[in-house]
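Asker: Sequence below, structure please.
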Amino acid sequence: MQLLEEEGLNFDRVNYFLDPLDEITLREILSKAGLSPRDVIRTRDRVYSELNLDSDDLSDDVLLAALVEYPSLLQRPIVVRGDRAVLGRPIENVRALF
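Answerer: Below you'll find the predicted structure:
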């Protein structure tokens with residue numbers, strides 16, 4: 001979040017390993033970003049392979065539950081500003097919020 005600091009913008013940082021996101025909050029964030037659970041899942045994470053999450057037959061609800069239970073699966077950072085949210089990579093996504 002170096003960009004936000006350099007721009008002098010105030011922000012709250014949430015470490016969801018220490019303060020996990022619940023399903024409702026994650027749904028809200030994804031809705032603000034216009035993303036699905038599959039869009040934010042880390043496919044190179046060990047848990048992704050172990051749980052066979054690459055199946056096209058899995059519903060968004062199943063993937064969302066996996067993201068809540070295994071926070072390491074969630075791409076980061078996700079930046080939320082008001083009623084919009086973006087994945088923080090590439091950095092241009094974050095710039096588009098401001």
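Asker: ok, R89 to D45 distance?
Answerer: From R89 over to D45 the distance is 15 Å, taken as CB to CB, to the nearest Å. Placement of C-beta: from N, CA and C, glycine included.
Asker: Of those two, which one has the most company?
Answerer: Using other CB atoms under 10 Å as the criterion, R89 and D45 rank with D45 on top: 16 against 12.
Asker: Hmm, the more buried one is touching Q75, no?
Answerer: No - look at D45 against Q75 with CB atoms under 8 Å: they stay out of range, at 9.6 Å.
Asker: what comes up buried for stretch 19-34?
Answerer: L21, L26, R27, I29, L30, K32, A33 (16 or more other CB atoms under 10 Å).
Asker: what's near enough to touch the fourth one?
Answerer: I29 makes contact with L21, I78, V80, A85, according to CB atoms under 8 Å, 6 or more residues apart in numbering.
Asker: ok, the second one - how many residues close by?
Answerer: So that's I78. So I78, with other CB under 10 Å, has 22 neighbours.
Asker: How much space separates it from N93?
Answerer: Distance of I78 to N93, computed by CB to CB: 10 Å.
Asker: residues shared between the contacts of the two?
Answerer: Residues touching both I78 and N93 (CB under 8 Å, 6+ apart): V86, L87.
Asker: which non-adjacent residue is nearest R27?
Answerer: Leaving aside its chain neighbours, R27 sits nearest to L64 (6.8 Å; criterion: CB to CB, 6 or more residues apart in numbering).
Asker: after the strand or helix carrying that neighbour comes which helix or strand?
Answerer: L64 is part of helix 60-69, with elements assigned from DSSP states H and E. Per DSSP H and E, the first helix or strand lying C-terminal to helix 60-69 is strand 78-81.
Asker: Can you give the distance of that next one from its chain's centre?
Answerer: Between the mean C-alpha location of strand 78-81 and the chain-wide mean there is a distance of 9 Å, by CA atoms, centre = their mean, to the nearest Å.
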